[in-house]
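Colleague: below are the sequence and a predicted model for it; my questions follow.
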Amino acid sequence: MDEITRNIDLLLKNFSNRTRLMIISLIIKNGPMTVTDLSKVIKTSRSNLYQLIKDMLSDGVIVQSKTEVKKNYVEKYYSINESLFASVKSEDLRKAITVMDDESFRNLLISFLTTASAMMSIAAEQISIATEDDMRNYREEINRDHMIMSFASLSKENMAKYSKMHAEFMSRIENENDHSLEDHFLYVIGFPSIPNKGSLNRNVTHQQNGS
C-alpha cells in the first residue's frame with residue numbers, strides 16, 4: 001500500500017467515527033486543544049476521550065504540539081497533523097468514498113451529519129451569549145461576504161454544477177502554502193432529499209396520536 005492510499009484510509013477511518021471527527025473538527029476550528037478543553041464539549045467519559053486521543057496519535061491524525069504545567073499537573077495540547085491532511089486532496093477522498101462498502105459509507109454519512117449538527121449547535125450557543133460588539137462584527141462579516149447563511153433546493157443538474165465549482169475552489173485552496181491566516185470554518189452539506197414516505201407518515205401519525 002502506498003503512502004497516499006494509507007493516508008486516505010486513515011482519514012476515512014477517523015472521519016467515520018463521530019467522536020473522532022468531532023475532535024478533529026474542534027481542533028481545526030479552535031486550534032490546539034487539551035483533553036480538558038475537548039471534554040467540555042464532547043459528551044463522553046474522560047477515559048474514553050483519552051483512549052481516542054491515544055489511538056489518533058498512533059494513527060498520526062493528530063500530534064502533541066505543546067505542554068503546559070498548571071499547578072501540579074501537565075496539560076498536553078493536541079493539533080492536527082498538517083502534513084497528513086495536506087497529503088490527501090478532496091478528490092482523493094471523493095474517489096475513495098465512492099468505492100466504500102454500504103456499512104462503511106453509512107457510518108461515514110452518520111458521522112459527518114452528526115458532527116455538522118453538533119458544530120452548528122456550538123455556533124448557536126456562542127451567538128446566544130454574543131455581546132453587542134459581537135453582533136456588530138457578525139453583521140460586518142456578512143456585509144464583507146466573510147459569512148454565509150444559505151439554504152436552497154436544487155435539481156440534480158444544478159447540484160452537479162455547484163459540486164464542480166466547490167471542487168475547483170477547494171483544489172485551489174489546497175494548493176496554497178500559507179494557511180496561517182485561516183480563521184473561518186466552512187462546513188458544506190449537499191444532500192439528496194429522498195424521504196421514506198411510509199416511515200414519515202407513520203411518524204406524523206404517532207405525533208398526532210400523542211398530542
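Modeller: Looks like it came in fine. Numbering: from 1, shown residues only.

Colleague: in what helix or strand does Y138 lie?
Modeller: helix 132-143 (DSSP states H and E).

Colleague: can you tell me the centre-most residue of the protein?
Modeller: Among the residues of the chain, the one closest to the centroid is S25, at 4.3 Å (CA atoms, centre = their mean).

Colleague: can you name the next helix or strand after the helix or strand containing it?
Modeller: If you go by DSSP H and E, S25 is part of helix 18-30. Downstream of helix 18-30, the first helix or strand assigned by DSSP H and E is helix 35-39.

Colleague: in that next one, what counts as buried?
Modeller: V35, D37, L38, S39 (16 or more other CB atoms under 10 Å). Backbone N, C-alpha and C define where each C-beta goes, glycine included.

Colleague: and if you look at stretch 68-78?
Modeller: Buried residues in stretch 68-78 (16+ other CB under 10 Å): K76, Y77, Y78.

Colleague: what would the residues you listed look like in CSV with distance to M56 and pLDDT?
Modeller: Shown next, in CSV, are the buried residues of stretch 68-78 (distance: CB to CB, whole Å; pLDDT from 0 to 100):
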residue, distance to M56, pLDDT
K76, 13, 94
Y77, 14, 96
Y78, 8, 97
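
Colleague: so where's this structure uncertain?
Modeller: 177-181, 194-211 (pLDDT under 70).

Colleague: all helices of it, in order?
Modeller: 3-15, 18-30, 35-39, 46-59, 82-87, 90-98, 102-128, 132-143, 156-174, 197-210 (DSSP state H).

Colleague: any idea how far the third one is from the chain center?
Modeller: Remark: helix 35-39 is offset 17 Å from the chain centroid, using CA atoms, centre = their mean, to the nearest Å.

Colleague: same question for the fifth one.
Modeller: In terms of CA atoms, centre = their mean, the centre of helix 82-87 is set 16 Å apart from its chain centre.

Colleague: surely A116 and F185 touch.
Modeller: No - judged on CB atoms under 8 Å, A116 makes no contact with F185 at a distance of 11.0 Å.

Colleague: the more surrounded of the two?
Modeller: Using other CB atoms under 10 Å as the criterion, A116 and F185 rank with A116 on top: 15 against 11.

Colleague: find the nearest non-adjacent residue to that one, please.
Modeller: Once flanking residues are discounted, A116 sits nearest to Y187: 5.4 Å by CB to CB, 6 or more residues apart in numbering.
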